[in-house]
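Participant: task: produce atomic coordinates for the following.
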Amino acid sequence: MARIAVIGAGTMGHAIALVYALGGHQVRLTDSSMKTLDRAQGLMESALATLVAGGEAPADWTSAHLAQAVTRHPTLAETVDGAEFIVEAIIETPEAKRALFEELDRVAPPNAIIASNTSQLDVFPLIPAARQKKAMITHWYTPPYLVDLVDVIPGPDCDPAALEAVEGVLKAMGKQPLRLKKFVPGYVANRIQGAIGAEVQHLLEEGVATAAEIDAAIIHGLALRLPILAVFAKADFTGLALSQAILRNGSYTPPPPRRQSATLDALVEQGRTGVLAGGGYYDWPGDPAELFQDRDRRLIELKQAMRKIGTMAGLERDL
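Facilitator: The predicted structure is shown next:
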């Protein structure tokens, strides 16, 4: 069992804390906002209940058990006291992260591993020199208690032993660490998701199809094959000669990423910012907590089905 400190109790932080707790670790959680920190307990309990009901967490895990495994602390010094592994999951601004890393350098144990959950920022220049040997990125995907992929990116001077130790912990919890050879903003999955996002915004803005129709094309077309074959394995089944011909004969140039969408701007201006607001591209009536639980239940069933079905692509097939 490792002593884990999670800094930031928001959307990702509290959920990452839950994953480590379920993995058998003792977790301390903090946030600069007491409101966010107080709310974290209820969010973890709700997610835990869904996992237990779906058979993805032990049946004997109760709210009381969770409260012992994840303790909440008002100060950074108290949270990281004795920590072996520190997860940074605060807002995505360089100034805030630099300030946190500098404070961690003062109060954290000297041998503690520091891992950032940053999605886009190259945080390594923000981390003090004395901490570089134990500095890395471990980037999770939401909801982290169901999505197994964790991007792992070592800092330029990271000790390989520290990297292997973290990957070992992640694998022991059933996660799939993906070590990148170098830092790139967005990593792999988010960059691919960004390319899809650019294309669907283009199709929507050009009036080719509605949001629901575009989603239907993805669900009933792309999504059926992606879990089994992903992209490169699917190309092997299609035949690489055909893939080569498609590239050579292609008459369509994908659009560059959009910096603005009139449709998106209009929705935000109307207050339709997503599930928590009751609507976005779709109407979402009802309790947001129940909607998130419904999403999680469906993801659990899909995940369990995929365990049975298996995949024909992935690292295990990499020769």
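
Participant: angles on the backbone of residue 81, please.
Facilitator: Phi and psi for residue 81, reported as degrees, to the nearest 10, are phi -60, psi 120.

Participant: spit out the contact partners of it.
Facilitator: Residues near residue 81 by C-beta atoms under 8 Å, 6 or more residues apart in numbering: residue 109. For the C-beta atoms, the positions are set from N, CA and C on the backbone; glycine is no exception.

Participant: the same query, at a cut-off of 10 Å, please.
Facilitator: Applying C-beta atoms under 10 Å, 6 or more residues apart in numbering, we find residue 81 in contact with 3, 5, 28, 73, 75, 107, 108, 109.

Participant: likewise residue 25?
Facilitator: So residue 25 contacts 1-4, 17, 19, 69-70, 84-85, 169, 172-173 (C-beta under 10 Å, 6+ apart).

Participant: now the longest helix seen in the chain - C-alpha only, CSV.
Facilitator: In the chain, with assignment by DSSP state H, the single longest helix is helix 288-309. Only the C-alpha atoms of helix 288-309 are listed here, as CSV (Å, rounded to 0.1, in the frame of the first residue of the first chain):
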residue,chain,number,x,y,z
PRO,A,288,-27.6,15.6,-13.3
ALA,A,289,-26.3,13.1,-10.7
GLU,A,290,-28.7,10.5,-12.0
LEU,A,291,-27.6,11.2,-15.6
PHE,A,292,-24.0,10.7,-14.7
GLN,A,293,-24.9,7.5,-12.8
ASP,A,294,-26.8,6.3,-15.9
ARG,A,295,-23.8,7.1,-18.1
ASP,A,296,-21.5,5.1,-15.7
ARG,A,297,-23.9,2.1,-15.6
ARG,A,298,-23.9,1.9,-19.4
LEU,A,299,-20.1,2.3,-19.5
ILE,A,300,-19.8,-0.5,-16.9
GLU,A,301,-21.9,-2.9,-19.0
LEU,A,302,-19.9,-2.0,-22.1
LYS,A,303,-16.6,-2.5,-20.3
GLN,A,304,-17.7,-5.9,-19.0
ALA,A,305,-18.9,-6.9,-22.4
MET,A,306,-15.5,-5.9,-23.9
ARG,A,307,-13.7,-8.0,-21.3
LYS,A,308,-15.6,-11.0,-22.7
ILE,A,309,-15.3,-10.1,-26.3
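
Participant: so for it, what gets flagged as buried?
Facilitator: Neighbour-count burial for helix 288-309 flags 292, 293, 296, 299, 300 (criterion: 16 or more other C-beta atoms under 10 Å).

Participant: show me how the chain divides into domains.
Facilitator: Following automatic domain parsing, the chain resolves into domains at 3-179, 189-317.

Participant: okay, helices next: where are they in the stretch 101-250 of the chain?
Facilitator: 160-172, 189-205, 211-217, 223-229, 232-238, 240-249 (DSSP state H, counting those that start in this stretch).

Participant: so which of those is nearest residue 274?
Facilitator: With C-beta to C-beta as the criterion, residue 274 lies closest to helix 211-217 of those, at 12.9 Å.

Participant: pull out the buried positions in the closest one.
Facilitator: For helix 211-217, by 16+ other C-beta under 10 Å, it's residue 214.

Participant: of the contacts of residue 81, grab the buried ones for ChimeraX.
Facilitator: Burial among those is assessed by 16+ other C-beta under 10 Å; the matching ChimeraX selection reads:
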select :3,5,28,73,108,109
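
Participant: compile the contacts of residue 81 into a markdown table and extend it with columns for pLDDT.
Facilitator: Below are the contacts of residue 81 laid out as a markdown table (pLDDT from 0 to 100):
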| residue | pLDDT |
| --- | --- |
| 3 | 96 |
| 5 | 98 |
| 28 | 98 |
| 73 | 98 |
| 75 | 97 |
| 107 | 98 |
| 108 | 98 |
| 109 | 97 |
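
Participant: the contacts of residue 81: which two are farthest apart?
Facilitator: 3 and 75 (16.4 Å).

Participant: just how off-centre is the one helix or strand residue 65 maps to within its chain?
Facilitator: For residue 65, the element it lies in under DSSP states H and E is helix 63-69. Computed by C-alpha atoms, centre = their mean, to the nearest Å, the chain-centroid distance of helix 63-69 equals 23 Å.

Participant: where in the stretch 1-150 of the chain is pLDDT low?
Facilitator: Applying pLDDT under 70 to the stretch 1-150 of the chain picks out residues 1.

Participant: so how many other residues sit close to the residue nearest to residue 300 when sequence neighbours are not counted?
Facilitator: The shortest distance from residue 300 to any residue other than its chain neighbours is 3.7 Å, reached at residue 54 (C-beta to C-beta, 6 or more residues apart in numbering). Residues near residue 54, counting by other C-beta atoms under 10 Å, number 17.
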